[in-house]
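K.L.:
I would like the atomic coordinates for the input below:
(one chain, ligands or ions: 2)
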Amino acid sequence: MDKLTIAMPKGRIFEEAYELLVKAGFDLPEELDDSRKLIVEAPNEGFRFILSKPMDVPVYVEHGVADIGIAGKDVLLEQGRDIHELLDLEISRCYIATAGLPDTAMDEMTPRIATKYPDIASQFFRSRGEQVEIIELNGSIELAPMIGLAERIVDIVSTGKTLKENGLVEYDKIVDITSRLIANPVSYRLKQKRIDEIVERLRK
Ligand SMILES: Nc1ncnc2c1ncn2[C@@H]1O[C@H](COP(=O)(O)OP(=O)(O)OP(=O)(O)O)[C@@H](O)[C@H]1O
Ligand SMILES: O=P(O)(O)OC[C@H]1O[C@H](OP(=O)(O)OP(=O)(O)O)[C@H](O)[C@@H]1O
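P.N.:
Ligands and ions are numbered 1, 2, ... in the order given. Just a heads-up that it's a prediction; the model follows:
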């Protein structure tokens with residue numbers, strides 16, 4: 001049987017995704033959860049896991065070097081890649097929102113928006129007919145309004161703790177986010193039976 005390659009995101013989605021796979025009864029090697037290896041075999045399942053940055057999971061899947069993978073809906077919306085979304089895993093729940101300093105209007109000619117999600121942010125402001133300048137950052141997005149780099153941010157909110165502790169408030173909720181099981185379209189066609197079995201076990 002052909003080995004199935006599964007792209008797993010490292011970082012905060014990993015723990016919940018790993019737990020979900022264990023709950024679904026998959027026989028996973030301990031080293032998947034407890035090593036620095038980037039390729040981990042699960043011989044009893046006929047799987048091979050590759051461990052990548054969350055933003056890179058859809059890249060591996062789109063190029064077909066991973067058959068399936070787990071990715072945040074935020075990453076899927078931002079990248080708009082040619083992949084199939086198979087299942088909402090309902091893990092790593094959060095949402096994307098605009099936020100900024102309290103009681104501030106966006107009354108500049110072209111307000112600056114700091115974000116890790118330039119596409120989602122542009123689309124949101126375009127849909128409201130507002131012209132903005134997008135400033136792309138890689139993390140600590142909440143810093144931007146505090147230090148005068150931007151009037152608003154577009155970022156993930158989960159507990160709201162980061163906004164609160166930095167004296168920021170939420171303005172608009174843009175979209176709810178959870179992690180999804182995704183597949184390469186060709187892999188899905190060729191290995192549909194095995195992939196559907198995985199989907200069914202995870203759905204339960
Ligand atoms: N606060 C949060 N609560 C729940 N899920 C989150 C939260 N922040 C991000 N996520 C989800 O987890 C994914 C990012 O995970 P993580 O923070 O580990 O990676 P990252 O942002 O690439 O971080 P780093 O670059 O520090 O590795 C996002 O795509 C999103 O779907
Ligand atoms: O609402 P909360 O529960 O506080 O979570 C939201 C924070 O979590 C994420 O940041 P992350 O920890 O990934 O840090 P980074 O943006 O600096 O990478 C996100 O970008 C927010 O800053």
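K.L.:
near ligand 2, which residues of this structure are found?
P.N.:
Selection of the chain residues close to ligand 2 by CB under 6 Å from any ligand atom yields 139, 140, 141, 142, 155, 156, 157, 158, 159, 160, 161, 162. Glycine gets a C-beta too; all of them are placed from N, C-alpha and C.
K.L.:
and for the last one, the neighbour number?
P.N.:
This points to residue 162. By the measure other CB atoms under 10 Å, the count of residues near residue 162 is 16.
K.L.:
now for the stretch of helix or strand it belongs to, which elements pack on it?
P.N.:
Following DSSP states H and E, the helix or strand that holds residue 162 is helix 161-165. Contact partners of helix 161-165 among helices and strands, from 3 or more CB pairs under 8 Å, 6 or more residues apart in numbering; DSSP states H and E: none.
K.L.:
check which element follows the helix or strand that residue 5 is a member of along the chain.
P.N.:
For residue 5, the enclosing helix or strand under DSSP H and E is strand 4-9. Per DSSP H and E, strand 4-9 leads on to helix 12-23 as the next helix or strand towards the C-terminus.
K.L.:
how much does that following helix deviate in direction from strand 4-9?
P.N.:
140 degrees (axes from the mean of the first three to the mean of the last three CA atoms, to 10 degrees).
K.L.:
what does the helix or strand that comes right after helix 12-23 rub up against?
P.N.:
Sequence-wise, the next helix or strand downstream of helix 12-23 (DSSP H and E) is strand 39-42. With CB atoms under 8 Å, 6 or more residues apart in numbering as the contact definition, strand 39-42 has outside contacts at 26, 27, 28, 29, 31, 32, 47, 48, 49, 50, 51.
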